[in-house]
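Chemist: Quick one: sequence plus predicted model below, questions after.
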Amino acid sequence: MKSKWKLLSVSLATAILLAACGTEAGNENPAEQQEEPTNAVEDTTTGAPAEETEPEEAEPADTEGQEDAGEPADGQTDELTDAVQTESDEQDYALAVLPGYSLTSEEPGRDSLMVDEDSAIFMRIETMDAAEVEMDEFLENTKEVVSASTDGQPATEVTDEAKLPKGDGIEDAVAYSAQTDSVTVTSTVFERDGQLVRLTIYDSPDEKHFENFLRMGETIQKK
């Protein structure tokens, strides 16, 4: 009986020893059983790894010679985009005239730039040689013209810079204005390239056309 138990104990010990050896063998070099990961992307159609490509850099657009559509060319203002360069028949100047306005000659030394739909609204244009004009007397006469055109209302000097002409070559701009219930009269005097210019605007009380008249007047140049 003792021989049987001894034989069974030996057999059990042998089985445990073999199981332990098998476990150790299965755990040896586990890294060798795993394939190393690869960064190559496998082509699903051929099985071959696809070539890695770098993204192409976008080339900057060539903007040379293109003008910004938001910026008017040659210093021209947005209001004058559709204006037409027009020469006076009687005086030595030309200016840009907007659609809806017409330039006509009243008499030698005087032109009128009129609103087509209402000839009572206009800008009288006078030009002369600056060297032949005594400025103080001319400005006094300008105030008298404004006052006489508004039933004797006193002419006051315009101090708002936005209502004075600006532009290359425009110098010594002065303006006077007066108003009644039916009309606003503003007369502006300035010098450009030796030419003295007087613009007298006869407008509605709300000065609906003043801005356009001023912008066109700023474009007056000797022929």
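Modeler: Right, received. Where do you want to start? Numbers count the residues shown, from 1 in each chain.

Chemist: What segments of the protein are strands?
Modeler: 41-42, 49-50, 84-87, 94-97, 101-107, 110-115, 118-129, 156-157, 171-179, 184-192, 195-203 (DSSP state E).

Chemist: Out of those, the one nearest E211 is which?
Modeler: In terms of CB to CB, the element of these nearest to E211 is strand 195-203, at 10.0 Å. Glycine gets a C-beta too; all of them are placed from N, C-alpha and C.

Chemist: That closest one - which strands sit beside it in the sheet, and in what orientation?
Modeler: Strand 195-203 sits in its sheet next to strand 118-129 (antiparallel), strand 184-192 (antiparallel), going by DSSP bridges.

Chemist: Pick the most buried one from those strands.
Modeler: Most buried of these, by mean neighbour count (mean count of other CB atoms under 10 Å): strand 184-192, with a mean of 22.

Chemist: what about it, average pLDDT?
Modeler: Across strand 184-192, the average pLDDT comes to 98.

Chemist: same deal with stretch 146-158?
Modeler: Stretch 146-158 comes out at a mean pLDDT of 98.

Chemist: For the closest residue to D172 other than its chain neighbours, give the beta-bridge partners.
Modeler: Nearest residue to D172, sequence neighbours excluded (CB to CB, 6 or more residues apart in numbering): E191, at 5.3 Å. Judged by DSSP bridges, the bridge partners of E191 are E171, L196.

Chemist: OK, contacts around E191?
Modeler: 130, 170-172, 197 (CB atoms under 8 Å, 6 or more residues apart in numbering).
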